[in-house]
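Engineer: Generate a structure from the sequence data that follows.
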Amino acid sequence: MPELSQIQNIGALGVLRDAVPRSLPMNAWTDANNIRFYKRNAVRILGHTQVFGTPTVAPGFVFNVPATGQSFWIYCSLTKAYVYDAGTHTDITRAVGGDYNAGEYRNWNGCILGGVPILNNGVDIPQYWTGLSAGNDLADLSNWTATLRAKVIRNLGPYLVALNLDDNGTLLPHALQWSHPADPGAVPSSWDYTDPTVDAGRTHLTDAASGPIYDAGLLGEELMIYKQGATHALRFVGGNSVLSPRLVLGSGLLCPRAFTAYNSDSRHFVITQDDIITHAGSRAIEVPLQDKNKDYFFADVDSTNYVNTFAFDNPLYREVWVPYPSQGQTVPNKVMIWSYQYNTCQFRDWDGSLSISRGDYTDSTAVAWSALVGSWDTQTFLWSIQSRRRMIFGNPTLTKMFGLDTGLPFGAATPSCYLERTGLVLEKDAYPVRKLVKRIWPHLRGEATINVRLGMQEELDGTITWQSPKTFSPSQKYLDFEAVGRLPAVRFESADNVAWQLEGYDLEWDPVSML
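Structural biologist: A predicted model of the protein is given here:
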């Protein structure tokens, strides 16, 4: 009688690229791309659809501004700032001072202080937007010291905090300066830290050996400040000090933007110089990708252009996404995705975009019905989009903006999606037994037709011999193969814009000999 090895719960462990394949459970994957592991299944991941028509300038930085009954989308090139609202793109570049001088798209950052958007690029005076109207331009931040610049601007309650300073040509990479607290809907009235009548202040993080301040982000009631090799927390203490930092961790940040708050902003996910950690503002850390994909990530990210790596929370699927440039690439071409709901990891193609923001949006700028080619069933784009808390990113090379997890195409591209498992040690199988695998039973849902391949490996470190792919649809029960060896390998793949879900697969095999 033939043996039947049933592989179930195939989304429970995700991709584990750091492990030796033969040591893994049968339901783990050694490689996969453009697949989401969701509810213990493997699902062809969603794509991204163009929204908001065509931006007027390259959207290298995207920033959502929520308002009562509205949602504004600011986007910036290196020199200009525009806002998208109700189908219209409007230039809101400052009227006084002219074009901006951002050196890189990644240098833009910002926050919302008491309802007022604040934008900063490290070269120009920080900008603010009053009135939340497309009829109002951005303007140089009032009461800001004209000769002061900051790499990063963040808020801590009513205080605006500037970090990594350039004070009239003197670089202060360990310094941070905060404003007098601002009233709701207003900007700070003073930044003069020498004036005893206001609460503005300046301090220096004294651990110079930890490198410069890279970035900062809110975590509860503290502002986590990330240096190259250390993490500090800035908190309100009152009295003469007003705000005071404390050292949290002896590890810092790989590069600016390589962290994100997640899980309702209760924790931070951080890519350090040599690890990937999570924390809640204390010395207690977790290392969710240890022995899973951490080593692969650090080996794969480009050693020069890693500075374009960034991270963001995708709360709809309870995932942290890390777009990064792989070896030889300049801008992010891949994204590592960690599911904090299921503690699994997966990978996806990325299109070079350097900025993403979350917010409400409505878009109806897609193809008109009268312009359709083909039947309704053949259309892969969306007629109209109305969504809460969805992700919008801008591609400056294409001069387009996209809604994430919408549709199946990746913009205009059709992705290659695959799952692969090598080095399978089957249940009821003593490893030395050579076996004849003769049938695969994929448990597939959807309307897609996928390709299935069977491979076989004779020795532990030997070459995998792959058989030609065979097509499979959900209307079929199994595929017949014939491969002899010790360690089977399987691959499921598609290259079209049709959804599918794999819920497991069975391998039917016979032992051949003990030799």
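Engineer: For this protein, which residue occupies the most central location?
Structural biologist: Note on the chain: the residue nearest the mean C-alpha position is Trp321, at 2.6 Å, using C-alpha atoms, centre = their mean.
Engineer: Within the sheet, what are the partner strands of the strand or helix carrying it, with directions?
Structural biologist: Element membership for Trp321 (DSSP states H and E) is strand 319-324. Applying DSSP bridges to the sheet, strand 319-324 is found paired with strand 312-314 (antiparallel), strand 334-339 (antiparallel).
Engineer: Mind putting these into CSV with mean neighbour count and distance to Pro158?
Structural biologist: Glycine gets a C-beta too; all of them are placed from N, C-alpha and C. As requested, the strands paired with strand 319-324 are exported to CSV (neighbours: other C-beta atoms under 10 Å; distance: least, C-beta to C-beta, whole Å):
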stretch, mean neighbour count, distance to Pro158
strand 312-314, 22, 25
strand 334-339, 22, 34
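Engineer: Mind putting those strands into TSV with mean pLDDT?
Structural biologist: As requested, the strands paired with strand 319-324 are arranged in TSV below (pLDDT from 0 to 100):
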stretch	mean pLDDT
strand 312-314	98
strand 334-339	98
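Engineer: so which of these gets nearest Ala28?
Structural biologist: strand 334-339 (14.6 Å; C-beta to C-beta).
Engineer: how about low-confidence regions in the stretch 301-450 of the chain?
Structural biologist: The stretch 301-450 of the chain contains residues with pLDDT under 70 at 363-388, 428-432.
Engineer: can you check the chain too?
Structural biologist: Using pLDDT under 70, the flagged stretches of the chain are 363-388, 428-432, 513-515.
Engineer: what about the strands in the stretch 401-515 of the chain?
Structural biologist: Here the stretch 401-515 of the chain has its strands, by DSSP state E, counting those that start in this stretch, at 417-421, 434-446, 450-457, 464-466, 470-472, 479-485, 487-494, 500-513.
Engineer: nearest to Ile125, of these?
Structural biologist: With C-beta to C-beta, the closest approach to Ile125 among the strands of the stretch 401-515 of the chain belongs to strand 417-421: 46.3 Å.
Engineer: Which strands or helices does that closest one pack on?
Structural biologist: Counting contacts by 3 or more C-beta pairs under 8 Å, 6 or more residues apart in numbering; DSSP states H and E, strand 417-421 is packed against strand 31-33, strand 35-38, strand 487-494.
Engineer: how about a markdown table for these, with distance to Gly14 and mean neighbour count added?
Structural biologist: As requested, these are exported to a markdown table (distance: least, C-beta to C-beta, whole Å; neighbours: other C-beta atoms under 10 Å):
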| stretch | distance to Gly14 | mean neighbour count |
| --- | --- | --- |
| strand 31-33 | 8 | 20 |
| strand 35-38 | 5 | 24 |
| strand 487-494 | 15 | 22 |
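Engineer: list the contacts for Ala19?
Structural biologist: When contacts are counted by C-beta atoms under 8 Å, 6 or more residues apart in numbering, Ala19 is found next to 28, 291-292.
Engineer: now that we have those residues, which one has the most neighbours?
Structural biologist: Neighbour tally across the contacts of Ala19 (other C-beta atoms under 10 Å): the maximum, 23 neighbours, falls on Lys292.
Engineer: which SS class is that one?
Structural biologist: At Lys292 the chain is in coil, as set by DSSP: H, G, I helix; E, B strand; the rest coil.
Engineer: Leu163 too?
Structural biologist: Classification of Leu163 using three-state DSSP returns strand.
Engineer: what are the bridge partners for it, then?
Structural biologist: Val152, Leu176.
Engineer: Gly110 now?
Structural biologist: When assigned by DSSP bridges, Gly110 has beta-bridge partners Leu119.
Engineer: can I assume Leu419 is in contact with Trp500?
Structural biologist: No: using C-beta atoms under 8 Å, Leu419 makes no contact with Trp500, being 10.7 Å away.
Engineer: Distance of Gly103 relative to Gly60?
Structural biologist: Applying C-beta to C-beta, to the nearest Å, one obtains 11 Å for the distance of Gly103 from Gly60.
Engineer: Nearest to Leu141 among the contacts of Ala19?
Structural biologist: Distance to Leu141 across the contacts of Ala19 (C-beta to C-beta) is lowest for Lys292, with 43.4 Å.
Engineer: check contacts around that closest one.
Structural biologist: Going by C-beta under 8 Å, 6+ apart, Lys292 touches 14-19, 345.
Engineer: Let's see that with 10 Å instead.
Structural biologist: Each residue near Lys292 by C-beta atoms under 10 Å, 6 or more residues apart in numbering is listed here: 13-19, 28, 276, 338, 343-345.
Engineer: any chance of the residues you listed in a markdown table, plus secondary structure and distance to Tyr226?
Structural biologist: As requested, the contacts of Lys292 are arranged in a markdown table below (DSSP: H, G, I helix; E, B strand; the rest coil; distance: C-beta to C-beta, whole Å):
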| residue | secondary structure | distance to Tyr226 |
| --- | --- | --- |
| Leu13 | coil | 31 |
| Gly14 | coil | 27 |
| Val15 | strand | 27 |
| Leu16 | coil | 28 |
| Arg17 | coil | 26 |
| Asp18 | coil | 25 |
| Ala19 | coil | 30 |
| Ala28 | coil | 33 |
| Ile276 | strand | 14 |
| Trp338 | strand | 18 |
| Asn343 | coil | 24 |
| Thr344 | strand | 26 |
| Cys345 | strand | 23 |
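Engineer: closest to Arg439 among those residues?
Structural biologist: Nearest to Arg439 among the contacts of Lys292: Ala28, at 22.0 Å, using C-beta to C-beta.
Engineer: Not including adjacent chain positions, what is the nearest residue to the closest one?
Structural biologist: Closest residue to Ala28 apart from its sequence neighbours, by C-beta to C-beta, 6 or more residues apart in numbering: Leu13 at 4.2 Å.
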